[in-house]
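Asks: Sequence plus predicted model, see below.
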Amino acid sequence: STVHLESLNSAPVRKKQLELISKILLPYPNSILLGDFNFDSDQNFDGGEPTENKNIETYFPQQKFVDLWPTLHPDHKGYTFDTIVNLMLSGQTYERMRYDRIIFGSEPFKGNRWKPKDIKLLGTNEIPGIKNSDNAKVFPSDHFGLVADFVWETA
């Protein structure tokens, strides 16, 4: 399933959204939740604690679900919103966040299961030959996309 959770200063709404989504996805043996979560994986935009990412751990138990980026690239932040790299965001306040993610859950079936193999950022380069009305470089989006590969692991 895909999400675009409530944005800006709406942490309580996002928490309720994640709770509802988890009730829908938890009964399925294999599920993927991906999209724009509108909160960073390591910090709250306002710097407060606890991080909103704790809601993912609460509603999507780690014994079943994994957040693909830190699982497969633990030494790379994987920013999907980056005012340094994405020149389409130039002039905005400095911000580097991982708002977008892929969360995956798979239960074994007769000893077999789906396993995440790789995850990559998409759209990290400008579109050649295209400028916006301010004559600035254009990227596919203000957020970088994600693509993941999975393999069927047999016992």
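Replies: Perfect, I can see it now.
Asks: I'd like to know how many residues surround E6.
Replies: A total of 17 residues lie near E6 under the criterion other CB atoms under 10 Å. Any C-beta I mention is one placed from the backbone N, CA and C, and that applies to glycine too.
Asks: What helix or strand is it located in?
Replies: E6 is part of no helix or strand when elements are defined by DSSP states H and E.
Asks: Next up, phi/psi of it, please.
Replies: Dihedral pair for E6: phi -50, psi 140, per degrees, to the nearest 10.
Asks: tell me the contacts of it?
Replies: Contact partners of E6, counting by CB atoms under 8 Å, 6 or more residues apart in numbering, are 13-14, 17, 38.
Asks: do T71 as well
Replies: By CB under 8 Å, 6+ apart, T71 lies in contact with P116.
Asks: for this structure, which helix is longest?
Replies: Longest helix of the chain, by residue count under DSSP state H: helix 11-25.
Asks: State the mean pLDDT of that one.
Replies: Mean per-residue pLDDT for helix 11-25: 96.
Asks: Give me the next element, helix or strand, following it.
Replies: As assigned by DSSP H and E, the chain's next helix or strand after helix 11-25 is strand 30-36.
Asks: Which other helices and strands does that following strand contact?
Replies: strand 2-4, helix 11-25, strand 100-106 (3 or more CB pairs under 8 Å, 6 or more residues apart in numbering; DSSP states H and E).
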